[in-house]
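In: fold the following and give me the result.
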Amino acid sequence: INYLCVDMRKKINIQKGAVLGAILTTIVAGMLLSVVQVVVKPPLLLGERLLPGGGWVQIVLAALFGGWLYLQMFDRKRRGVWRRRIWLLFSIVFFSQLFLGIFVDSMFLMSGKLHFPIPGLIPAGVFYRGEVSFMPFLFLVTILLSGGAWCSQLCYFGAWDSLAAGKNGKREVPSSKMRSRMRWTVLFVFIGVASALRGFGVPVIYSTGIAVFAGCVGIMIIWFVSKRRHVAMHCSSYCPAGTLVMYLKYVSPWRLRLNDRCRHCMACTRVCRYGALSKADVLKGRPAINCTLCGDCLAGCRHDALEYHFWGISPILAERLWLGTTLVLFTCFLSIARV
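Out: All right, here's what the predicted structure looks like:
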């Protein structure tokens, strides 16, 4: 009876934690979107553009959706499935709005002007334009708030790379040294080409062609390499924005660690789509630098050996706080992220 009572109290506390987290996610997402609705002119929310006052309806629906997602993703076993579902949803919504903006009405574009929908060009764009625009600023703020979540839930290209990597299959992960060389080489090539285009005043038509080529290379890597290796190679080895996330994420306080319950069964290795949990990484007690904090490994571990860390609070609370923070960002991105 005592065991049943303790078990029941644990379940009640878990349910309370899920409901509280959902409420806070709803409130914070609603507040942030309300600031966008009131401050940003012309209106950024699509609902407001379609119908005066429609932005407030969109805010309520989006905030409730964010809270509902928290309830669905609170359970570790279901979190990975839901993460991939909503990530794919975000990508579909993003590219649908891009299509509508090009072929129907420019109101579906963020500024009314078309920009390249290639996340990897974010760092190159700073050197090409010679200024820091809103997108790089948002990119950096996102890294600060949620660590590597940009590469596992907030990038509209990454959703397809994750889908190509697949859930099953032997993961053929390149060596850490090879991946590091690939990442830095691609990053410097992107920056060098962008700087040269600006410095030599190359006509926009040629710059456009080069940008399209870079995007096509990324798509080919997703389709042919990630799919064959069962590893998200575009995000972890090619994308310059992904490279910056891997190193800049350490300014964020979030960490993922293995505790002393780890039995080195390597179940986490088999579920990690980013190749961040090799045997050497597991023995070190922490994922490799390309970890995106996605949390898929938590569901794959039978020993409860992986946990989030955040400035001295308990791992359980850190995990819930990270989930809520990431879902607030996701809700805002889903509501306002357009080209």
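In: could you list the low-pLDDT ranges of the stretch 151-300 of the chain?
Out: Across the stretch 151-300 of the chain, nothing is flagged by pLDDT under 70.
In: hey, where'd the helices end up in it?
Out: 158-165, 176-199, 204-220, 227-229, 233, 240-248, 267-271, 279-284, 296-300 (DSSP state H, counting those that start in this stretch).
In: just those: most buried one?
Out: Highest mean neighbour count of the helices of the stretch 151-300 of the chain: helix 233, a mean of 29 (counted as mean count of other C-beta atoms under 10 Å). Quick note: C-beta positions are derived from backbone N, CA and C, even for glycine.
In: who touches that helix?
Out: Asp161, Ala165, Ile221, Ile222, Val225, Ser226 (C-beta atoms under 8 Å, 6 or more residues apart in numbering).
In: tell me the two of the residues you listed that are most distant?
Out: Spanning the widest gap among those are Ala165 and Ile221, at 11.4 Å by C-beta to C-beta.
In: tell me the contacts of His303?
Out: Arg261, Cys262, Arg263, Cys265.
In: if we can go back for a sec, now render the helices of the stretch 151-300 of the chain as a markdown table, adding distance to Leu145.
Out: Output for the helices of the stretch 151-300 of the chain, formatted as a markdown table (distance: least, C-beta to C-beta, whole Å):
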| stretch | distance to Leu145 |
| --- | --- |
| helix 158-165 | 17 |
| helix 176-199 | 23 |
| helix 204-220 | 25 |
| helix 227-229 | 31 |
| helix 233 | 26 |
| helix 240-248 | 12 |
| helix 267-271 | 25 |
| helix 279-284 | 25 |
| helix 296-300 | 20 |
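In: which of those helices sits closest to Leu20?
Out: Judging the helices of the stretch 151-300 of the chain by C-beta to C-beta, what sits closest to Leu20 is helix 296-300, at 20.2 Å.
In: starting at the chain centroid, how far to the closest one?
Out: Put simply, helix 296-300 sits 17 Å off its chain's centre (C-alpha atoms, centre = their mean, to the nearest Å).
In: now the buried members of the contacts of His303.
Out: For those, a burial check counting by 16 or more other C-beta atoms under 10 Å picks out Cys262.
In: on that earlier part again, and the helices of the stretch 151-300 of the chain: which comes nearest Ser152?
Out: Among the helices of the stretch 151-300 of the chain, helix 158-165 sits nearest to Ser152 (C-beta to C-beta), with 6.9 Å.
In: could you give the angle of the closest one to helix 240-248?
Out: 90 degrees (axes from the mean of the first three to the mean of the last three C-alpha atoms, to 10 degrees).
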